[in-house]
Structure formats: structure tokens, C-alpha cells
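Colleague: Generate a structure from the sequence data that follows.
(one chain, ligands or ions: 2)
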Amino acid sequence: YLRRLRLPFCYLCSQSLPSRGCLMSAFDDLIADTQLRKAIAEQGYEQPTEVQQAAIPRALEGKNLLVSSKTGSGKTAAFLLPCLQQILAQSAVNPRSTRLLILTPTRELARQIVKNAQSLLRFTSIKVGSICGGEELRYQKALLRKNPEIVVATPGRLAEHVAHKSTDFSGLEFLVLDEADRMLDMGLSEDVLKIVESCDAARQTLLFSATLEQKGLRHLIKQVITGEAEEIYIEDS
Ligand code: ADP
Ligand code: MG
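Modeller: Ligands and ions are numbered 1, 2, ... in the order given. Next up is the predicted model:
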């Protein structure tokens, strides 16, 4: 079909045209939960982006991942979708513990992730809480007591709550580090490590970064991911 159109690249997956045709699979091939599928369609997402195509199936297999791909390539859904799919498919190991923790460097990024997650969860009863600097500690403590399944946080403020023992990550199933290179740049690695120490060692860890070659990042990765990890590197096109 594409050969007839004389396109050198597949317009869906932007890969050069292989003889077998397009390599992309649809969201329906990757995500089993019907409520989640409905929300994806309502978002207007038709096809998974390259990084989503690579990360979602591997994350669903339970692998730890190190993912690098450029800004705007769809990394948020690449970590949200496999985590949400698994959260919806299985009940909590420990109902009082947070199930998914997402760390991101800035309040603005946290706000965007919360918005994206709530939109994907609109047909479910899963709750998302946000813990960032500049908000009242008392209010955040009350929020943590309500045991949201998902917490999106900036490391500085969350590390304070960990020190006050107002968090419960003892049954954490998924830890996501978004923009890990920027968290390192901003001097947040100490806070990140304090938080990670309080997380269930049996969790699955997904680390996203614009680059994996940054100075100091490998050291952080070694402390955050103890077992094996698979690397996904999506080249700029
Ligand atoms: P990144 O974190 O890699 O910078 P984002 O996750 O912020 O990228 O996504 C960038 C934009 O692309 C967002 O507006 C998001 O809603 C949109 N997007 C993500 N995945 C898809 C998709 N599969 N189809 C269409 N748009 C998408
Ligand atoms: Mg992002």
C-alpha cells in the first residue's frame, strides 16, 4: 500500500518501509483493559509513538527499563499506560501502600503528568495524588492519609514527607523517574535516593531521560535499579 503511494517512510511509525509493511501495532494490541482503551481513544491517540511502541510491551513483561528519547516523543504515556494497565489488572499487594510513584523534577511537569493520568483513568476509580513544593504540608499529609494508588511528586517535598513517615511505599509496585537527567542537574539525586530507600525493593523501576550518557547518571541508575534493566534508545529522526 505504501509502496503504491511511493512513500519512503511509513506515515504511522516513521520507520523506513520494511518489506513486511508497517511494524506498528495499535494500542488495542498493547493494552487489554477496556476502560483504559476507551480513555486512550477519547484522548485522540490513534497509534502509539515509537517510544510507546518499544516501552509498553517490555514494561508489561515486568522489566526494569532505561529509556531515552527526545522531548515531545510521548514518554508520559509510555510509562503511564503499562503501569495503569497492570494496576487495573491486579489488586494491590498492600492496600495501604502507594502502588505507583512518579518522580519528576518540576511542579509544572508534575501537573502535566497528573492531568494525563487523570484523563487516562477517567473511567476508573483509581486516585492520583500530587505532592509538590509550594503547597501546604498539612494538606499534603491529609492527602497521603487517603492512600491514593498513584503519587506524582517532586523529590524535595516528597523527601520531607518520607522523613516525617507520612508516606507508605512498602508495597510500591512501580517507580518511575521522569526526566532523570534534569533531576540530577538540579541537585535532586540525594532526595531521590532517600525516597527510593523507602520503596519496596521488589518494585519495577522505569527511568526516563533525554540522555543516558550524562555524567553521574549511571551512578544514580545503579542505586535506583538493583536488578537487571533493559535499555531503549530512540534516535532523533
Ligand atoms: P515527552 O515526555 O516525551 O516530552 P509527552 O509525553 O509530554 O512527551 O507527549 C507530548 C505530546 O504528545 C503530548 O501532548 C501528548 O498528549 C501527545 N501524545 C503522546 N502520545 C501520543 C499518541 N500516541 N498519539 C498522539 N499524541 C500523543
Ligand atoms: Mg516528559
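Colleague: near ligand 1 at all, the host helix or strand of V67?
Modeller: Element membership for V67, per DSSP states H and E: strand 64-68. No: Strand 64-68 stays clear of ligand 1 (C-beta under 6 Å from any ligand atom), getting no nearer than 9.5 Å. In this view, the C-beta of every residue, glycine as well, is placed from N, C-alpha and C.
Colleague: Pretty sure D33 sits against I87.
Modeller: No: using C-beta atoms under 8 Å, D33 makes no contact with I87, being 9.3 Å away.
Colleague: neighbour-wise, which of the two wins?
Modeller: Higher neighbour count among D33 and I87: I87, with 21 against 18, using other C-beta atoms under 10 Å.
Colleague: how much space between that one and A110?
Modeller: 19 Å (C-beta to C-beta, to the nearest Å).
Colleague: Same check on A78?
Modeller: 17 Å.
Colleague: tell me the contacts of Q85?
Modeller: When contacts are counted by C-beta atoms under 8 Å, 6 or more residues apart in numbering, Q85 touches I31, A32, D33, L36, L60.
Colleague: among the residues you listed, which two are most distant?
Modeller: L36 and L60 (12.1 Å; C-beta to C-beta).
Colleague: So for these two, which residue has more residues nearby?
Modeller: More crowded of L36 and L60, by other C-beta under 10 Å: L36, with 23 against 17.
Colleague: Show me what from the protein comes close to ligand 1.
Modeller: So the chain meets ligand 1 at Y45, Q47, P48, T49, Q52, T71, G72, S73, G74, K75, T76, A77 (C-beta under 6 Å from any ligand atom).
Colleague: hmm, which of these are the buried ones?
Modeller: For the residues of the chain next to ligand 1, a burial check counting by 16 or more other C-beta atoms under 10 Å picks out Y45, P48, T49, Q52, S73, G74, K75, T76, A77.
Colleague: so how far is G171 from the residue nearest to A55 when sequence neighbours are not counted?
Modeller: Sequence neighbours aside, A78 is the residue nearest to A55 in space, at 4.3 Å (criterion: C-beta to C-beta, 6 or more residues apart in numbering). A78 is 24 Å from G171, where distance means C-beta to C-beta.
Colleague: buried ones in the helix or strand hosting I56?
Modeller: With elements taken from DSSP H and E, the one containing I56 is helix 50-60. Judged by neighbour count using 16+ other C-beta under 10 Å, the buried positions of helix 50-60 are E50, V51, Q52, Q53, A54, A55, I56, R58, A59, L60.
Colleague: now swap in stretch 150-167 and tell me
Modeller: 150-162, 166-167.
Colleague: ok, so of those, who is nearest F123?
Modeller: Ranked by distance to F123 (C-beta to C-beta), those are led by I150 at 15.4 Å.
Colleague: Phi first, then psi, for the spatially closest residue to L177 that is not a sequence neighbour.
Modeller: Closest residue to L177 apart from its sequence neighbours, by C-beta to C-beta, 6+ apart: L207 at 4.6 Å. Taking degrees, to the nearest 10, you get phi -110, psi 130 for the backbone angles of L207.
Colleague: and the helix holding I56, what does it pack onto?
Modeller: helix 27-30, strand 64-68, helix 75-89, strand 204-209, strand 229-233 (3 or more C-beta pairs under 8 Å, 6 or more residues apart in numbering; DSSP states H and E).
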